[in-house]
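[1] Kindly return the folded structure for what I paste below:
(chains A and B)
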Amino acid sequence: MTPRPCLPAAAGIGLRAPHVGHVLATRPQVAWFEVHSENYYADGGPALAALDRIRADYPLSLHGVGMSLGSTDPLDRGHLAKLKRLIARVDPAAVSEHLCWSGVAARHLNDLLPLPYTEEALDHVCARVGEVQDALGRELMVENVSSYLAFADATIPEWEFVAAVARRTGCKLLCDVNNIHINAVNHGFDADAYLAALPPAAIAEIHLAGFDASGPCLIDTHGAPVAPEVWALYARAIARFGPQPTLIEWDTDIPAFAVLEREAATAQSMLEARDAVAA
Amino acid sequence: MPSLRELQQRFADAAFAPPGTAPAFGVVAPADGALRIGIYRTAMFANYRNALSASYPVVLRLTGTRFFHTAVDAFVRAHPSTSGDLNVYGDAFGDFLAGYAPAANLPWLRDIARLEWAQDEAHRARDAVHAPETVFAALAAAPADRLPLLRVTLEPSCRLIASSYPVLRVWQVNQSGFEGDARVSLDEGADTLLVRRDAHGVSIERIGAGDFAWLAALAGNATLGSAIDAAQTADAGFDLGTALRAHIAAGTIAAIVDA
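    Here you go, the predicted structure:
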């Protein structure tokens, strides 16, 4: 295997099953790929073999959607062991999970559910991030999630909660700019105040995706182009955090690969413009 | 104030509750509570519908989208996921359908589902080296008096599916691109099938009742000596030598175990 590269501060693409064949056949110019870790938890088979080939040619990031970091159930050791096995196999440039919970009392909802932002939840999730980082023997990136409801019992603003997790555990942050925009609209806060609260040194990756605005609140579908407001917020994010590995995510109504390449090209041009300003 | 665990349990209860149910915990903008938890409920069930549609395309095609989605929703409530890996969710769907009243007039549906899940598992099974010559050599090296005591290891992707219905035909005529007579008579008879993955992908092969009983016994860790009894009960004409040669050559039998 080629040595582990860092994620470059460039635009990458979330690689989903419908595009794997195309990528293997054409080897497009993409700075890096990210995959959902759980999609490669299999013991063997063609999907894993394809991932090995992707990994040989591109920096790879593993993005978990099922660790349920914030759940009050015990950490799923089997799930963790499979992540560890996958990390050993592909030696990824980065490993990330979500700052959320997904199931409780042995009932999994397989969704990224919001935590009540309280001192109790903060203590709990920090301990769990520490547990996972210890088990993996490496630094984790933790991503802020979108949400459609806010708990009345919350006592800490979301941005302070996220910053505190990084400060206390030493984990990195995967800053999902789309999620910040969605939550700012859904819960009525200032997205820029959120960005301002995050420690720039902890930011290690940025996510961009599209949402659905047709309902009573913004829904994080990952099924549309990045919205103009999110591109604008992204520009302010990289102005504050510096150029970051930036991922285009698209998970429902997955379009042709060329559409993702165009979105990535937009992010890339903004990263380069940011570099030019800095220089 | 409720504990974190209590809040999570109430959230999960609300997500699994019937549409329109308000959450039993405090939310900002309480007037919107039912609506907001409903967004999670809708997303959760849609997620499972999509996942099971991918694992059970023929069951979906046979029952239609509406029936299928209603069945999946009922299945999710009866057998919630217990894993953060959605790819392994749904193994019990076939057994659930067997007891699902709206599917009572489709008694073969369970076996179609089992066949589809077997393929799903075969796709994800551990990779194995195909080296029949090594297996033949191990067999030849075993002393004759040891032969009845030997066990075998089947190739890890092998799954055995038996049905009283012609499920392979049903499966075949429901593949996209199938051309020909798509009518299947349920009287066409029982099927004994071997599902496995090789370098070309996952295949389904119809095998004889004797071979099926023999492989099923071997998969259950029976010795060659006792597996032959099961095989001959199913098919008096079962020939051990022929079966051994065929299944070692094809890679179904991946190793000989003398222990």
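[2] Name the helix or strand for A:Ser102, please.
    Assessed by DSSP states H and E, A:Ser102 sits inside strand A:101-104.
[3] what are the pairing partners of that strand, and which direction each?
    Sheet pairing of strand A:101-104 (DSSP bridges) gives strand A:107-113 (antiparallel).
[4] which residues touch the strand it pairs with?
    A:65-66, A:68, A:98, A:100-103, A:145-146, B:8, B:11-12, B:15-16, B:40, B:43-44, B:47-48, B:80-84, B:86, B:89 (C-beta atoms under 8 Å, 6 or more residues apart in numbering or on different chains). To be clear about C-beta, it is placed using only N, CA and C from the backbone, and glycine gets the same treatment.
[5] Can you tell me the element residue 254 falls in?
    You didn't pick a chain, so chain A it is. Here A:Ile254 is assigned to no helix or strand, by DSSP H and E.
[6] other chain: chain B
    strand B:253-257.
[7] what about that strand and chain A, touching?
    No. For strand B:253-257, no contact with chain A is found by C-beta under 8 Å from any C-beta of the partner chain; the gap never falls below 12.8 Å.
[8] quick one: strands adjacent to that strand?
    Strand B:253-257 is paired, per DSSP bridges, with strand B:151-154 (antiparallel).
[9] other SSEs contacting whatever helix or strand comes next after the strand it pairs with?
    Moving toward the C-terminus from strand B:151-154, the next helix or strand (DSSP H and E) is strand B:159-163. Other helices and strands packing on strand B:159-163, by 3 or more C-beta pairs under 8 Å, 6 or more residues apart in numbering or on different chains; DSSP states H and E, are helix B:109-124, strand B:191-198, helix B:209-219.
[10] change it to 6 Å
    helix B:109-124, strand B:191-198 (3 or more C-beta pairs under 6 Å, 6 or more residues apart in numbering or on different chains; DSSP states H and E).
[11] avg pLDDT for that strand?
    For strand B:159-163, mean pLDDT rounds to 98.
[12] what does stretch B:13-22 give?
    96.
[13] Is there a neighbour count for the nearest residue to A:Leu208 once chain neighbours are set aside? I'd like the number.
    Computed as C-beta to C-beta, 6 or more residues apart in numbering or on different chains, the closest residue to A:Leu208 that is not its neighbour in sequence is A:Val226, at 4.8 Å. Residues near A:Val226, counting by other C-beta atoms under 10 Å in any protein chain shown, number 22.
[14] A:Val226 against A:His207, yeah?
    No. Using C-beta atoms under 6 Å, A:Val226 is not in contact with A:His207; the gap is 10.1 Å.
[15] Mind listing the shared neighbours of the two?
    Shared contacts of A:Val226 and A:His207 (C-beta atoms under 6 Å, 6 or more residues apart in numbering or on different chains): none.
[16] Would you mind listing what in chain A touches chain B?
    A:38, A:41-45, A:66, A:68, A:72, A:79, A:102, A:104-111, A:116, A:120-121, A:124, A:148-150, A:152-153, A:216 (C-beta under 6 Å from any C-beta of the partner chain).
[17] For PyMOL, write the select line for the buried members of those residues.
    The buried residues among these can be selected in PyMOL (16 or more other C-beta atoms under 10 Å in any protein chain shown) with this line:
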select buried, chain A and resi 38+41+42+44+45+66+68+72+79+102+104+107+108+109+110+111+116+120+121+124+148+149+150+153
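[18] Could you pull up the mean pLDDT of the strand holding B:Ala254?
    95.
[19] Pull out the buried residues from the longest helix seen in chain B.
    If you go by DSSP state H, chain B has its longest helix at helix B:33-55. Applying a neighbour-count criterion of 16+ other C-beta under 10 Å, the buried positions in helix B:33-55 are B:33-41, B:43-45, B:47-49, B:51-53, B:55.
[20] What count of nearby residues applies to the closest residue to chain A within the stretch 51-200 of chain B?
    Nearest residue of the stretch 51-200 of chain B to chain A (C-beta to the nearest C-beta) works out as B:Gly84 at 2.4 Å. Using other C-beta under 10 Å, B:Gly84 is surrounded by 27 other residues.
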